[in-house]
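Pasting the sequence and the predicted model now:
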Amino acid sequence: RKEVEQDPGPFNVPEGATVAFNCTYSNSASQSFFWYRQDCRKEPKLLMSVYSSGNEDGRFTAQLNRASQYISLLIRDSKLSDSATYLCVVAHFGNEKLTFGTGTRLTIIP
Amino acid sequence: GAGVSQSPSNKVTEKGKDVELRCDPISGHTALYWYRQSLGQGLEFLIYFQGNSAPDKSGLPSDRFSAERTGGSVSTLTIQRTQQEDSAVYLCASSPRTGYSNQPQHFGDGTRLSIL
C-alpha cells in the first residue's frame, strides 16, 4: 500500500463548479500536511498547508481528519486557471522527507 | 530571481556517461532536498541536506548516485555510469530550516535528464 494515496482522476469539471479531492495517508506518525499544485511540465508549488482545525484561503478549503488519516481539498467557483495536478503531501515528525501522492489531475472545462 | 535555481534545465547524454546536476537554493535556506519525477509518476525523494550534512540518504536508488553540498548553499547531484532508467526530471527544493514544524518546500524548475 502506498503511504499517500490519491484518486488519480482525471476530474473534468465545468467552470464555476465546486470540486473536492481526497487523500489518505497510512502513517499515523505523520504530522505535517500540504497541498501542492503542479502544472504540466512545471515544478510543484505550495498551494496551502493543512491544519487540524481546517483552513481556508480564498476559494480553497483544506481539512484534516487525523482519526481517519484523511485530508481533503475543496475548490469553490472553479476557474480555468485551476486546471493542474494537485499533490497531497505528508511529512513525519522528526523526518524532513516529504512524501508525495501521485496527484489528482483536474481539468476545468469552459 | 530569489527562487531555487537549477542547471542545466535539460541534459541529454549517452548511456554510461556521468552527469552532474546543480542546485542553488533560496538564500538563507538551510535545508535542501533532491527528488526525481519519472514520466507519469509521483515525486520520489532522493536525499536531503541540513547545512552541508546529509542525515537522510535513504532515497538514493543506487551507489551510482551521490550528492554533496558545500558552504551550506549550492548542491550537486552526480549520477555515474548513467542508465536509461535514470531518465527523469530531477527537482531540487529548499526550505528555511528543519525542526518540529516541517517547512513547506520551494522547488526549482528541475533538470530534465534524458539518457540515450
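That came in fine, so what should we check first? Note that the coordinates shown come from a computational prediction; the quantities given were computed from them, not determined experimentally. Numbers count the residues shown, from 1 in each chain, chains lettered A, B, ... in the order given.

which residues does B:A88 contact?
B:36-39, B:113 (C-beta atoms under 8 Å, 6 or more residues apart in numbering or on different chains). Placement of C-beta: from N, CA and C, glycine included.

what do you get if the cut-off is 6 Å, keeping everything else the same?
Contacts for B:A88 (C-beta atoms under 6 Å, 6 or more residues apart in numbering or on different chains) come out as B:36, B:38.

Residues of chain A that sit close to chain B?
A:32, A:34, A:43-44, A:46, A:91, A:96-97, A:100, A:102 (C-beta under 6 Å from any C-beta of the partner chain).

switch to 8 Å and redo it
Proximity of chain A to chain B, by C-beta under 8 Å from any C-beta of the partner chain, involves residues A:31-32, A:34, A:42-46, A:49, A:87, A:91, A:93-103.

What score does the residue positioned nearest the centre of chain B have for pLDDT?
By C-alpha atoms, centre = their mean, chain B has its centre lying nearest to B:W34, at 3.0 Å. Looking at B:W34, its pLDDT stands at 95.

quick one: average pLDDT of the host helix or strand of B:S114?
Counting by DSSP states H and E, the element that carries B:S114 is strand B:111-115. Across strand B:111-115, the average pLDDT comes to 96.

who are the neighbours in contact with the nearest residue to A:Q6 once chain neighbours are set aside?
Distances taken as C-beta to C-beta, 6 or more residues apart in numbering or on different chains place A:G101 nearest to A:Q6, at 4.0 Å, with adjacent residues excluded. Taking C-beta under 8 Å, 6+ apart as the criterion, A:G101 is in contact with A:2, A:4-6, A:23, A:87-89, B:42.

rewinding a little: which members of the residues of chain A next to chain B occur in helices, if any?
Applying DSSP state H to the residues of chain A next to chain B, no entry is found in helices.

Give me the buried entries from those residues.
Buried members of the residues of chain A next to chain B, scored by 16 or more other C-beta atoms under 10 Å in any protein chain shown, are A:31-32, A:34, A:43-44, A:46, A:49, A:87, A:91, A:95-103.

Would you mind listing the outside residues contacting stretch B:55-67?
A:95-97, B:34, B:44-49, B:54, B:75-83.

Pairing partners for the one helix or strand in chain A whose mean pLDDT sits lowest, with directions?
Within chain A, no helix or strand scores below strand A:98-100, which has a mean of 87 by mean pLDDT, DSSP states H and E. Using DSSP bridges, strand A:98-100 pairs in its sheet with strand A:84-92 (antiparallel).

Show me how far the partner strand is from its chain's centre.
Computed by C-alpha atoms, centre = their mean, to the nearest Å, the chain-centroid distance of strand A:84-92 equals 5 Å.

Same question for stretch A:25-43.
Centroid displacement of stretch A:25-43 relative to its chain, using C-alpha atoms, centre = their mean, is 6 Å.

Same check on stretch B:57-75?
Centroid separation between stretch B:57-75 and its chain, computed with C-alpha atoms, centre = their mean, is 7 Å.

OK, contacts around the closest residue to B:G42 other than its chain neighbours?
Among residues not flanking B:G42 along the chain, A:T102 sits closest, at 3.9 Å (C-beta to C-beta, 6+ apart). Neighbour list for A:T102: A:2, A:6, A:8, B:41-42 [criterion: C-beta under 8 Å, 6+ apart].
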